[in-house]
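Asker: Take a look and give me a structure for this.
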Amino acid sequence: MSEVAIIGAGVAGLTCACELIDRGIDISIHEQAERLGEGACSWFAGGMLAPYCERDTAEDEVMQRGLLAIRWWQEHVTEVTQKGSLVLALPRDRNELERLSRLGKQCRWIDQAETSEIEPHLADFSGLGLLFPDEAHLDPRKALQDLTNYLKKREVSIQFGQAVKLEDLDARIILDCRGYHSHDVLPGLRGVKGEMMILRTRDISLTRPVRLLHPRQPIYIVPRDDHQFMLGATLIENNERGRFSVRSMLDLLSSALLLSPSFGEAEIIEHGVDIRPAFDDNIPRLWRKDNVVFVNGLYRHGFLLGPDLAIQTADAVINPNQWEELPQCA
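Answerer: Residues are numbered from 1 along each chain as shown. As a prediction, the model looks like this:
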């Protein structure tokens, strides 16, 4: 019997596992998918560790809770790139940049000349931008594998292809980290559909994530190895898995072409759709029912807020007072 059993090996489950094992807690992990990342929205994430940029669409709490993410990931995975984030907008959308710049002092304005200096392959983009120099990014798939390897080195039992029920687990505490799969238990949990693509082209090179503020379809493009770029992502208020719409694909690609026409020659090597679990305020939280803690609601901030939520979870597991303060599921 392990002291803590974790259901789910996405970013929530694995960050909780690492935080608990670092504190000397005996754990086991149970994942119904046959392999890491299969059917998990974490696999389709952008991997941006950008607490200040997120102020564009998220509450201040997201920024505050995301500030520790870069250091946490640097301590647990092999590769975190910290070259900042670049936010661009066409001249007609300058007001969007002005609004974002007023939300904090962690950025500075850059003109077209400086944009072409730091990202030469965006030299033809005619708009202005904001540079957030302290932000970072990682490859989510490599990061999940690094966490898995880290846990295996600590002799943690990770069982894939195991669809377990809560009542079948023999553990003092159970962490339910199944994301949207827990919607039938958690009050107010909803699904938000997200669609993404991975493009490959040798015609463009980027050193940092680039966001385009656009009134119809804002996008982000995150560079990855082997001339690949993650392009995302839509936010659609439904829980429909597995269908990438023509409209979404056209909107995403059209916005990418505004950044650089060279993306028009890129190869689409993958597209993905999954459901982000979110509460009404899009802020993650913990719920408790008997000896089960539900770790959920990461929305589109899994890698940014996963470490903070994992620390809260570990604190609750270890500290009886914090355990008693967790809200109860009906």
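
Asker: Quick check: can you list the domain ranges of this protein?
Answerer: 2-45+139-188+281-325, 85-133+190-278 (automatic domain parsing).

Asker: List the residues that contact Leu88.
Answerer: 115, 122, 125, 127-129, 210-213, 259 (Cβ atoms under 8 Å, 6 or more residues apart in numbering). The C-beta positions use only the backbone N, C-alpha and C, and glycine is treated the same way.

Asker: Out of these, which comes closest to Pro327?
Answerer: Arg211 (33.9 Å; Cβ to Cβ).

Asker: Val87 is in contact with the closest one, correct?
Answerer: Yes - assessed by Cβ atoms under 8 Å, Arg211 is found in contact with Val87 at 4.7 Å.

Asker: how about the strands of the stretch 151-300 of the chain, start to end?
Answerer: Taking DSSP state E, counting those that start in this stretch as the criterion, the stretch 151-300 of the chain carries its strands at 157-160, 171-176, 190-200, 210-212, 219-224, 228-232, 267-278, 285-289, 292-296.

Asker: Dump the contacts of Leu88 into JSON lines; add distance to Ala5 as well.
Answerer: Formatted as JSON lines, those follow (distance: Cβ to Cβ, whole Å):
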{"residue": "Thr115", "distance to Ala5": "49"}
{"residue": "Leu122", "distance to Ala5": "47"}
{"residue": "Phe125", "distance to Ala5": "50"}
{"residue": "Gly127", "distance to Ala5": "50"}
{"residue": "Leu128", "distance to Ala5": "51"}
{"residue": "Gly129", "distance to Ala5": "47"}
{"residue": "Val210", "distance to Ala5": "41"}
{"residue": "Arg211", "distance to Ala5": "39"}
{"residue": "Leu212", "distance to Ala5": "43"}
{"residue": "Leu213", "distance to Ala5": "43"}
{"residue": "Leu259", "distance to Ala5": "45"}
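
Asker: Save the strands of the stretch 151-300 of the chain as TSV, and put in mean neighbour count, distance to Asp146 and mean pLDDT too.
Answerer: As requested, the strands of the stretch 151-300 of the chain are arranged in TSV below (neighbours: other Cβ atoms under 10 Å; distance: least, Cβ to Cβ, whole Å; pLDDT from 0 to 100):
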stretch	mean neighbour count	distance to Asp146	mean pLDDT
strand 157-160	15	14	92
strand 171-176	21	20	95
strand 190-200	21	19	93
strand 210-212	24	25	96
strand 219-224	22	15	96
strand 228-232	22	18	95
strand 267-278	18	21	92
strand 285-289	19	25	95
strand 292-296	25	20	96
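
Asker: For Cys53, find the nearest of those.
Answerer: strand 210-212 (6.5 Å).

Asker: part of a helix, is Leu86?
Answerer: No - if the criterion is DSSP: H, G, I helix; E, B strand; the rest coil, then Leu86 is strand and not within a helix.

Asker: for the residue nearest to it when sequence neighbours are not counted, what are its contacts?
Answerer: Nearest residue to Leu86 in three dimensions, chain neighbours excluded: Val210, at 4.8 Å (Cβ to Cβ, 6 or more residues apart in numbering). Counting by Cβ under 8 Å, 6+ apart, Val210 touches 85-88, 119, 122, 220-221, 259.

Asker: still on that earlier bit, looking at the domains of the chain, which is buried most?
Answerer: Highest mean neighbour count among these (mean count of other Cβ atoms under 10 Å): domain 2-45+139-188+281-325, with a mean of 20.

Asker: can you give me the end-to-end distance of that one?
Answerer: Distance across domain 2-45+139-188+281-325, first residue to last, is 24 Å (Cα to Cα, to the nearest Å).

Asker: chain center to that domain: distance?
Answerer: Its chain's C-alpha centre and that of domain 2-45+139-188+281-325 lie 15 Å apart, by Cα atoms, centre = their mean, to the nearest Å.
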